[in-house]
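Novice: prediction below, plus the sequence it came from.
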Amino acid sequence: MAVFSKIFSLPLLALLLTQANALCYYPDGTPAPGDVPCTDSTANSVCCGTGYACLSNGICQATGDELKKPGATEFVRGSCTDKTFRSSSCPSFCGTPDQDNVSGGEGMAKCTNTDQDLYWCINAANLALQQNEDPCTDENAVVFFPASTSPKGTGANTGTGTGTSTTTPTSPAETSSTEQKSSSNGGVIGGAVGGSLGGLAIIGGLAFFFLRRRRGSSKSTIHEMDYTPVEPSSKISPSQVVDPMPPHTLVHEAPGSSYYEPAKTGHEQDAPMELPA
């Protein structure tokens with residue numbers, strides 16, 4: 001009985017050790033020991049297995065020899081570091097109980113007849129739908145991803161056919177936060193540059209105004225000359241009239257005679273007089 005108890009406890013111990021060492025889990029909480037987190041920079045992350053690349057939309061993409069394995073699909077919904085699968089970092093697709101494989105990875109198919117990033121889960125319901133129509137045309141069957149699906153890395157451990165790689169996808173919240181930070185930094189830089197240019201323009205305008213005003217003031221200045229009136233050497237009354245010519249001597253006429261002669265001024269010579277014989 002003791003031997004049987006030991007034999008029974010060994011598998012249980014191995015299971016407990018596996019769960020204790022597990023880093024990743026499937027949607028129902030089943031450990032995914034072959035998967036590794038795509039990133040360690042966040043609290044939770046998508047997990048993918050060896051040979052699978054982590055895409056930015058949270059899907060695991062098979063690379064190399066993984067595609068050669070029986071039943072392998074190129075795209076797989078992997079696991080997550082959150083055992084409850086409630087973290088926003090965990091895959092939120094292809095994990096419906098009673099419809100999808102919640103205890104392991106699930107294959108996915110990419111829609112090739114559209115430019116949009118569309119996939120559909122390879123489960124029993126969609127395989128039945130595929131018999132009659134393309135699941136990509138059924139909005140209830142497709143999974144839409146608005147972001148790009150470029151590979152971010154490759155896994156390091158062997159998975160169960162549904163693993164992915166070492167980089168976690170960027171969640172919408174993280175993307176929005178990054179865009180807001182970038183926009184905020186652009187606004188601060190733009191504001192600083194604009195403020196500096198505006199200040200320089202104002203300073204330049206004021207300097208030009210004052211310089212122009214100073215030049216105009218210097219041109220309009222009138223220099224007055226000192227004027228000192230010069231007094232004449234002799235005073236002339238307003239009633240006097242200055243005649244530059246010497247005055248003429250008045251002519252006196254003798255009474256009773258029509259003959260007259262000009263008065264002598266002292267400068268003329270006397271006419272010769274005839275003496276009686």
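Specialist: Great, that's in hand. Residues are numbered from 1 along each chain as shown.

Novice: quick check, residue 66 in a helix?
Specialist: Yes - counting by DSSP: H, G, I helix; E, B strand; the rest coil, residue 66 is found in a helix.

Novice: could you list every residue that touches it?
Specialist: If you count contacts by C-beta atoms under 8 Å, 6 or more residues apart in numbering, residue 66 has them with 50, 51, 52, 72, 161. For glycine as for every other residue, the C-beta is placed from the backbone atoms N, C-alpha and C.

Novice: mind running it again at 7 Å?
Specialist: Residue 66 sits next to 51, 52, 72 when contact means C-beta atoms under 7 Å, 6 or more residues apart in numbering.

Novice: give me the mean pLDDT for stretch 23-30.
Specialist: Taken as a whole, stretch 23-30 has a mean pLDDT of 96.

Novice: stretch 133-141 too?
Specialist: The model assigns stretch 133-141 a mean pLDDT of 93.

Novice: same check on stretch 63-70?
Specialist: 86.

Novice: what's the span of it, first residue to last?
Specialist: One end of stretch 63-70 to the other measures 14 Å (C-alpha to C-alpha, to the nearest Å).

Novice: repeat that for stretch 28-44.
Specialist: First residue to last in stretch 28-44 (C-alpha to C-alpha) measures 16 Å.

Novice: in it, what counts as buried?
Specialist: Neighbour-count burial for stretch 28-44 flags 30, 31, 32, 33, 34, 35, 36, 37, 38, 39, 44 (criterion: 16 or more other C-beta atoms under 10 Å).

Novice: returning to that earlier point: now a PyMOL select for only the buried ones of the contacts of residue 66.
Specialist: To isolate the buried members of the contacts of residue 66 in PyMOL, using 16+ other C-beta under 10 Å:
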select buried, resi 51+52
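
Novice: next, format the contacts of residue 66 as CSV and append distance to residue 108 and secondary structure.
Specialist: Listed next are the contacts of residue 66 as CSV, based on distance: C-beta to C-beta, whole Å; DSSP: H, G, I helix; E, B strand; the rest coil:
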residue, distance to residue 108, secondary structure
51, 16, coil
52, 12, strand
72, 12, coil
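
Novice: got JSON lines for the contacts of residue 66, with distance to residue 121 too?
Specialist: As requested, these are exported to JSON lines (distance: C-beta to C-beta, whole Å):
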{"residue": "51", "distance to residue 121": "21"}
{"residue": "52", "distance to residue 121": "17"}
{"residue": "72", "distance to residue 121": "16"}
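
Novice: so which of the contacts of residue 66 comes closest to residue 26?
Specialist: Nearest to residue 26 out of the contacts of residue 66 is residue 52 (C-beta to C-beta; 14.7 Å).

Novice: hmm, the closest one is touching residue 62, no?
Specialist: Yes - under the criterion of C-beta atoms under 7 Å, residue 52 makes contact with residue 62 at 5.6 Å.

Novice: what sits in contact with each of those two?
Specialist: Common neighbours of residue 52 and residue 62, using C-beta under 7 Å, 6+ apart, are residue 76.

Novice: so which residues of the stretch 51-200 of the chain form helices?
Specialist: Secondary structure of the stretch 51-200 of the chain (DSSP state H, counting those that start in this stretch): helices at 124-130, 172-219.

Novice: mean pLDDT lowest for which of these?
Specialist: Among those, helix 172-219 scores lowest, with a mean of 54.

Novice: show me the contacts for the nearest residue to residue 120 once chain neighbours are set aside.
Specialist: Distances taken as C-beta to C-beta, 6 or more residues apart in numbering place residue 135 nearest to residue 120, at 4.2 Å, with adjacent residues excluded. Residue 135 sits next to 120, 126, 129, 141, 142 when contact means C-beta under 7 Å, 6+ apart.

Novice: distance of the last one from residue 119?
Specialist: It refers to residue 142. 7 Å (C-beta to C-beta, to the nearest Å).
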